[in-house]
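Novice: next input, structure requested:
(2 chains)
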Amino acid sequence: MKSFYITTAIDYVNGSPHLGHAYEKVLTDVIARFRRQMGDQVHFLTGADEHGQKVQASAKKLGVDAQKYVDETSAVFRALYDRLGVSYDDFIRTTEPRHKQVVRAILQQLFDKGEIYQAEYKGFYSTRQEQFLQEKDRNPDGTWPEIFGEVTEIVEANYFFKLRQYQDWLIGFLTENENFIFPRFRQKQVLEFLKEPLNDLCISRPKERLEWGIPLPFDENYVTYVWFDALLNYYSAVAEKGLWPADWNVIGKDILVPPHAVYWPIMLKACGLPPPKGLLVHGWWLQSGAKMSKSKGDAVNPLELVDEFGVDAFRYFLIREMNVGQDSEFTREQFLVRYNSELANNLGNLVNRTLNMTTRFAGGVLPAAEAAEEPEKELRALWEKTRDECIPLAEGFQFHTALERTMAFVTATNAYIEKRAPWKLGKSAEPREQALLRTSLATMAEALRLAVALIQHVTPSTTEKINGVLGYAPGTDWREELVWGAKLDGAKVAGALVLFPRPAPAGKPPATS
RNA sequence: GCCAGAGUAGCUCAGUGGUAGAGCAGAGGACUCAUAAGCCUUUGGUCGCCGGUUCAAUCCCGGCCUCUGGCACCA
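Specialist: Below is the predicted model of the structure:
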């Protein structure tokens, strides 16, 4: 069995989870579920980044222990992912001993190898903001903005990682591995970035300024800062399982350059470890109309849609609407369009009318198909085409297109029903018409079963519910489940099921005032 | 400024060197198993602008315009 290790970025838990956090986990989950269906041995890692200045400050402000603070905030993120049906196998927290151990071991190893050295850094420091400033922070006239308060030039000793000496290696690696970063155009951006010489990477903070971190093993007066802590989670979580390298590190475009595309491969190289096999870089959800929506009383926080319309509707929208790698607009209006036309009217209604007709015309037991005439042959041919297109699409992360194709098949199934008009056949006692009735009921149910099997990784609970009302227990071999057959013969179906109730009034957001 | 992405029907987006596509919205119709759903038909676009290559460009090349994002070690 092929092993498949995939990770999300770990979230910085100083704040509340938002749409961007949710999307990345759902996207990764869809990939993980798809790979499992394809037969891979999947290991899916997500987690939380829990160290750093902001966490330390927030905890202090609340007067609680930093560990207690992250225990709570981290749990909020994790609860959201559980709610969204994210099927992670492991949730790593950077404050866990298993992580700290690995980070310290690697830092020591690199220090021993001479990859880390101490040097003095001179710069302008803002006491109020507790940070060093850059030239670009200055006002045009050379003064410092008000928010920084008093700015002084200070000198501080710190530890640096020899990033620079790996620059040529990295350029060579990226040139040879054109598909390291998905989508490809992102890789070009990285190579552009690498045209400028890199500086070595400062990896420490003195404990007087930051104590909430992992102490450097070779100098306990410092903690390690950000990247040697956070990035290493992908490795530390599986160091003992022998799963490294990851097949994909899934990240947002904001943390590609330089952290994941530059620091991360170089850190691994310096440790003698292989880089991940790929970086999957997704875009952002834009909410330019958010303010306007707020004034109209619409849901401001997209996550509220989960409570209102259900997990699968939310997952479906995220995957259907976003072309992986690009940005997308998130609006409640667009969500409702997808929800109403695709989930409620097209798929949901197909479920309900199938159950109703089977109950009314066949006593709730699905008959066997008897004839395969043109309409049946056409639908089946379209199914085979759809399935054969969707699998490669999903393999290439083109889930939005795959969903579109699947919905087109559902539409064709609805059209098939119109063509056969079982409600007319049901009124006839003619043997031929009765046979056609049985065939049409069997055909629509089989088409429905196949369609929801094909979107199972996007809408797992919906698929499960529909299988349930069809009286069907799917087998373990997903590819086998996608074969048009007679799996539902004799199945006892439920009377009715409204899966995606239309919000009232139709098409309009409910008034909240 | 540099780099990248995007500019195609009212909206969201596909797409190909050879007379432009889908979904939604709009219009009309037949039906009734169904979530006032579904089905059929249909209106609608000089494919950002200007040049070039080509027998032929929305798709290739050059220039320009507009929008979005990035431009590091947040030391």
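Novice: and stretch A:232-242, end to end?
Specialist: 15 Å (CA to CA, to the nearest Å).
Novice: and if you look at stretch A:198-218?
Specialist: So stretch A:198-218: terminal residues 25 Å apart, CA to CA.
Novice: now swap in stretch A:203-222 and tell me
Specialist: End residues of stretch A:203-222 are separated by 10 Å (CA to CA).
Novice: now do stretch A:260-267
Specialist: Start-to-end, stretch A:260-267 (CA to CA) is 10 Å.
Novice: kindly report the same for stretch A:142-150.
Specialist: 14 Å.
Novice: what comes up buried for that stretch?
Specialist: Within stretch A:142-150, the residues that count as buried by 16 or more other CB atoms under 10 Å are A:F148. From N, CA and C alone the C-beta is placed, and that goes for glycine too.
Novice: repeat for stretch A:186-195
Specialist: A:R186, A:Q187, A:V190, A:L194.
Novice: and for stretch A:166-185?
Specialist: For stretch A:166-185, by 16+ other CB under 10 Å, it's A:Y166, A:L170, A:L174, A:F180, A:I181, A:F182, A:P183.
Novice: and which of those residues is nearest RNA strand B?
Specialist: When these are ranked by distance to RNA strand B (CB to the nearest atom of the strand), A:P183 comes first, at 8.0 Å.
Novice: next up, phi/psi of that closest one, please.
Specialist: When read as degrees, to the nearest 10, the backbone of A:P183 gives phi -70, psi 160.
Novice: neighbours of the nearest residue to it once chain neighbours are set aside, how many?
Specialist: Closest residue in space to A:P183, ignoring its immediate chain neighbours: A:G325 at 3.8 Å, by CB to CB, 6 or more residues apart in numbering. Per other CB atoms under 10 Å, the neighbour tally for A:G325 reads 17.
Novice: same check on A:I6?
Specialist: Around A:I6 there are 26 residues (other CB under 10 Å).
Novice: pretty sure it contacts A:A246?
Specialist: Yes. Between A:I6 and A:A246 there is a contact under CB atoms under 8 Å: 6.5 Å.
Novice: where does the stretch 401-513 of chain A get nearest to RNA strand B, which residue?
Specialist: For the stretch 401-513 of chain A, CB to the nearest atom of the strand, closest residue to RNA strand B: A:N414, 3.3 Å.
Novice: wait, a strand at that residue?
Specialist: No. A:N414 is assigned helix when assessed by DSSP: H, G, I helix; E, B strand; the rest coil, not a strand.
Novice: how close does it sit to A:F335?
Specialist: To A:F335, A:N414 is 22 Å away according to CB to CB, to the nearest Å.
Novice: settle it for me: which of those two has more neighbours?
Specialist: Between A:N414 and A:F335, A:F335 has the larger neighbour count (other CB under 10 Å), namely 22 against 18.
Novice: residues contacting the more buried one?
Specialist: Applying CB atoms under 8 Å, 6 or more residues apart in numbering to A:F335 gives the contacts A:P302, A:L305, A:F309, A:F317.
Novice: quick one: the strand or helix carrying the last one near RNA strand B?
Specialist: Assigned by DSSP states H and E, A:F317 belongs to helix A:311-321. Yes. With CB under 7 Å from any atom of the strand as the measure, helix A:311-321 is seen reaching RNA strand B through A:E321.
Novice: which neighbouring elements make contact with whatever helix or strand comes next after that helix?
Specialist: Using DSSP H and E, the helix or strand that follows helix A:311-321 towards the C-terminus is strand A:328-329. Packing contacts for strand A:328-329, counted by 3 or more CB pairs under 8 Å, 6 or more residues apart in numbering; DSSP states H and E, involve strand A:285-286.
Novice: and the strand it packs on, what does it pack against?
Specialist: helix A:19-37, strand A:328-329.
Novice: give me the residues contacting that strand.
Specialist: For strand A:285-286, the external contacting residues (CB under 8 Å, 6+ apart) are A:L19, A:G20, A:Y23, A:P302, A:M322, A:D327, A:S328, A:E329, A:F330.
Novice: distance of the last one from A:M1?
Specialist: Spelled out, that is A:F330. If you go by CB to CB, the gap between A:F330 and A:M1 works out to 37 Å.
Novice: next: the third one.
Specialist: The gap separating A:Y23 from A:M1 is 29 Å, by CB to CB.
Novice: who's more crowded, those two?
Specialist: The residue with more neighbours, out of A:Y23 and A:M1, is A:Y23; 24 against 7, by other CB under 10 Å.
Novice: show me what contacts A:L243?
Specialist: A:S3, A:Y5, A:H43.
Novice: hmm, I typed the wrong one, I wanted A:A239.
Specialist: Per CB under 8 Å, 6+ apart, neighbours of A:A239: A:V102.
Novice: does the residue nearest to A:P183 touch A:G283 like I think?
Specialist: Yes. Between A:G325 and A:G283 there is a contact under CB under 8 Å: 5.9 Å.
Novice: what pLDDT does A:L393 get?
Specialist: With respect to pLDDT, A:L393 has a value of 87.
Novice: what is the burial count for it?
Specialist: What A:L393 shows, counting by other CB under 10 Å, is a neighbour count of 18.
Novice: so who does the closest residue to A:F4 other than its chain neighbours touch?
Specialist: Distance criterion CB to CB, 6+ apart; nearest residue to A:F4, sequence neighbours excluded, is A:D40 at 4.0 Å. When contacts are counted by CB under 8 Å, 6+ apart, A:D40 touches A:M1, A:K2, A:S3, A:F4.
Novice: for the stretch 101-250 of chain A, what spans make up the helices?
Specialist: For the stretch 101-250 of chain A, the helices defined by DSSP state H, counting those that start in this stretch occupy A:167-176, A:184-193, A:227-230, A:233-236.
Novice: to RNA strand B, which of the ones you listed lies closest?
Specialist: Closest among the helices of the stretch 101-250 of chain A, using CB to the nearest atom of the strand: helix A:184-193, at 3.9 Å.
Novice: what sits up against that closest one?
Specialist: For helix A:184-193, using CB under 8 Å, 6+ apart, the contacting residues are A:171, A:174-175, A:178, A:180-181, A:253, A:256-258, A:261-262, A:279, A:281, A:325.
Novice: switch the cut-off to 6 Å
Specialist: A:L174, A:I181, A:V257, A:A261, A:V281 (CB atoms under 6 Å, 6 or more residues apart in numbering).
Novice: now, which of these lie close to RNA strand B?
Specialist: Counting by CB under 7 Å from any atom of the strand, the members of those near RNA strand B are A:V257.
Novice: thank you kindly, that will do.
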